[in-house]
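let me see the structure of the following:
(one chain, ligands or ions: 1)
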Amino acid sequence: MEKLTGKVAVVTGGSSGIGFATAHEFIKQGAKVVITGRNQESLDKAVKELGNNAIGIRADASNVKESEKLAEQAKSIFGKIDILLVNAGGVEVFEPIGQITEETFDTVAGVNFKGAVFTTEKFVPLLSDGASVIHLASVSAFSFNAGNAIYSASKAALVAYSKNAAIELADRKIRVNVVEPALTETPGIHKGAFANDEIHTHVKTLMPFKRYGQPEEIAKLITFLASDDASFISGAEITIDSGASINVPLKF
Ligand SMILES: NC(=O)c1ccc[n+]([C@@H]2O[C@H](COP(=O)([O-])OP(=O)(O)OC[C@H]3O[C@@H](n4cnc5c(N)ncnc54)[C@H](OP(=O)(O)O)[C@@H]3O)[C@@H](O)[C@H]2O)c1
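Numbering: from 1, shown residues only. Predicted coordinates for the structure are as follows:
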């Protein structure tokens, strides 16, 4: 049976990777989905692949005015939103402590934290009672590696915001949860600091299952959280990483 029949979902950053796979799964489960992204061409391509139950709206999540406009457009089309996946982001710029630039801070925190917060803020008035909000953080919110301070900090800050939102929106029966994947095979991980096949070959050997996650695996967890099957789950921080973040490799 379809789990999301009659629901309306918004997926920020839905034209690629985890967002796209989740939009696909939401639609498979009966939802109508609005996806967003900055690049109109990628958005159009994704909407074409997702089919009639998808709509694309161009919006930069790091721009508060654009998030406000996105919420207004979603309201004029659907009135209410039942599922909000705050997923746009993912900028990893490796800079060591002592060399972190203001530009990196503004870019990374601008989408991963400020952008995620104001996307949520602008949608709160539109959420139906009993809605599900899912914030995409990362295992980097609580497990750390050199050079990644601002990405980690921006995801940790998002986790804190998300848990506050879970408490404050509970009187409307709105559930708010965080999903924390480890490296997942998306176009995003082959850009910037990770645009190097050798790094990936090495990192995969450190993963418990000797592979990365697949976007579809993350999408299944998000779809569960979005559905009524997760009706008593709120304020949770759910790691999806094959055990990578609890595995501290010791050399003997
Ligand atoms: N993949 C991983 O290993 C991994 C692990 C842990 C957490 N995550 C998190 O999962 C989320 C998705 O990552 P992904 O790997 O699926 O990324 P991806 O394949 O690079 O896709 C990113 C999506 O977000 C959109 N986007 C990026 N910046 C945006 C902005 N400012 N405003 C609106 N849309 C924006 C992109 O479209 P445009 O470029 O057209 O805007 C695209 O649709 C991110 O929050 C990331 O931090 C990923």
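
in what helix or strand does Ser154 lie?
helix 149-168 (DSSP states H and E).

give me the distance from that helix to the chain's centre.
Remark: helix 149-168 is offset 12 Å from the chain centroid, using Cα atoms, centre = their mean, to the nearest Å.

kindly report the same for stretch 204-214.
The answer for stretch 204-214 is 20 Å, by Cα atoms, centre = their mean.

ok, is it in contact with the ligand or not?
No: judged by Cβ under 6 Å from any ligand atom, stretch 204-214 and the ligand are separated, with a smallest distance of 6.8 Å. Using the backbone N, CA and C atoms, a C-beta is placed for each residue, glycine as well.

buried stuff in the helix holding Ser154?
The neighbour-count check on helix 149-168 (16 or more other Cβ atoms under 10 Å) flags 149-159, 161-163, 165-166 as buried.

point out where this structure drops to low pLDDT.
193, 251-252 (pLDDT under 70).

let's see that with 90 instead.
1, 90-93, 145, 191-197, 199, 247-252 (pLDDT under 90).

briefly note if the helix holding Ser154 comes near the ligand.
No: residues of helix 149-168 contacting the ligand under Cβ under 6 Å from any ligand atom: none, with a closest distance of 6.9 Å.

who touches that helix?
Residues outside helix 149-168 that contact it (Cβ atoms under 8 Å, 6 or more residues apart in numbering) are 91-93, 95, 97, 100, 104-105, 108-109, 112-113, 116-117, 120, 133, 135, 137-138, 140-142, 144, 175-178, 180, 234-235, 237.

among those, which are in reach of the ligand?
Okay, of the contacts of helix 149-168 touching the ligand (Cβ under 6 Å from any ligand atom), that's Ser138.

filter the contacts of helix 149-168 to the buried ones?
91-93, 95, 100, 104-105, 108-109, 112-113, 116-117, 120, 133, 135, 137-138, 140-141, 175-178, 180, 234.
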